[in-house]
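Engineer: The sequence and its predicted three-dimensional model are supplied below.
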Amino acid sequence: MSNDENRHSGSRKGVAVITGASAGLGRACAREFAKQGYDVGLLARGEDGLKGAKREVEEMGRKATYVSVDVADAQAVEQAAAKIEQELGEIDVWVNNAMNSVFSPVKEMEPEDYKRVTDVTYLGQVYGTLSALKRMLPRDRGSIVLVGSALAYRGIPLQSAYCGAKHAIQGFYDSLRTELMHDNSHVKITMVQLPAMNTTQFGFVKSRLPNKPRPMGKIYQPEVAAEVIAYAAEHERREYRVGYPTLEAIIGNKIAPWYADYVLAKNGFDGQQTNEPEDPNRKNNLYEPLPGDHGAHGTFDEKATYTSPQVWLSLHRQEILTGALALGALALGSLLTRNNRD
């Protein structure tokens, strides 16, 4: 059965590919797309987490397949895309989510740290997009979601490699979006900017900080962002911003970047660390995945929220606008009726 026949039968919406699907936000995205009716192709390095994600998708009644792959390897990503289409069918949605980072002051960073984070976090999204476009452009349909961050607009201390990679993704996205518009392509593309989240990355990434790293500011559960990403795949906008802190950081930095400099210089170091000392010998996932199935959540469940009024308003803005127009029309009609009576 073709993808078009599947759509018409209502048996599924299509096939979604998630990179970084073994843990954290990618794991939450895999569940959310399965919930929305997609079969899911799962890409990541850690096979234990991939098996867990596959099991969860199948428990929700959808098909899943996984490929253990390093997204920094363009050929491996292309081979994974071919395998997924062979097993699940044509790819309808591609979510570029895989990332890596190093918590460290710039003065303590090594050149290879920057290269590795850039290869995974930036070029991994480029390679995924190229494999998606190779399939979507000839069909003139499909949706690509680039997972960004408030840090794509505003760099912060101790995460220079990650901030640089996210800024690069933003530039790549701007270029590609305008090219697709120029070509009148029906392939959709959007970027979702994230807030601080309670994901596994804070126990995974390489760190040179004296204390254990933590998300800075208000913390959201990954399911909040996963819902937006799944929605974005079907409702194209230029950009989605998850959570009020993301909106505040992006707009605030455009208005007064000098003030953000001051605030982050004062609060950005302690704000990204807990009071618990870090083990300098802790294993990290910069070059190799950590064994085990770690799920979607990190260690900050007690501080994280599952809700965001800003997200709800963003995802329902059409209904809100329609309701406001209807109320306005009723009010105007009532006023005119009263004036006619007078």
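Structural biologist: It's in.
Engineer: What is the burial count for residue 111?
Structural biologist: Residue neighbour count, defined by other Cβ atoms under 10 Å, stands at 7 for residue 111. For the C-beta atoms, the positions are set from N, CA and C on the backbone; glycine is no exception.
Engineer: go on, residue 299?
Structural biologist: Burial of residue 299 is recorded as 15 neighbouring residues (other Cβ under 10 Å).
Engineer: Where do the strands of the stretch 151-300 of the chain begin and end?
Structural biologist: Along the stretch 151-300 of the chain, counting by DSSP state E, counting those that start in this stretch, strands occupy 188-193, 206-207, 211-213, 219-220, 239-241, 273-277.
Engineer: packing partners for the fifth one?
Structural biologist: The helices and strands touching strand 239-241, judged by 3 or more Cβ pairs under 8 Å, 6 or more residues apart in numbering; DSSP states H and E, are strand 188-193, helix 222-234, helix 309-315.
Engineer: Buried residues of the second one, list them for me.
Structural biologist: Translated: helix 222-234. By 16 or more other Cβ atoms under 10 Å, the buried positions in helix 222-234 come out as 222, 223, 224, 225, 226, 227, 228, 229, 230, 231, 232, 233.
Engineer: Quick one: mean pLDDT for the longest helix anywhere in the chain?
Structural biologist: If each helix of the chain is counted by residues according to DSSP state H, the longest one is helix 317-341. Along helix 317-341, the predicted local confidence has a mean pLDDT of 72.
Engineer: Show me how far stretch 205-215 is from its chain's centre.
Structural biologist: 22 Å (Cα atoms, centre = their mean, to the nearest Å).
Engineer: what do you get for stretch 209-229?
Structural biologist: 12 Å.
Engineer: Just list the residues touching residue 274, thanks.
Structural biologist: Under the criterion of Cβ atoms under 8 Å, 6 or more residues apart in numbering, the contact list for residue 274 reads 211, 212, 213, 214.
Engineer: ditto for residue 281
Structural biologist: Going by Cβ under 8 Å, 6+ apart, residue 281 touches no other residue.
Engineer: Next up, phi/psi of it, please.
Structural biologist: Backbone dihedrals for residue 281, given as degrees, to the nearest 10, come out at phi -100, psi 10.
Engineer: Report the central residue of the chain.
Structural biologist: Of all residues in the chain, the one closest to the mean position by Cα atoms, centre = their mean is residue 147, 3.3 Å from it.
Engineer: Look up the closest residue to that residue, ignoring the ones flanking it.
Structural biologist: Leaving aside its sequence neighbours, residue 147 sits nearest to residue 97 (Cβ to Cβ, 6 or more residues apart in numbering; 4.5 Å).
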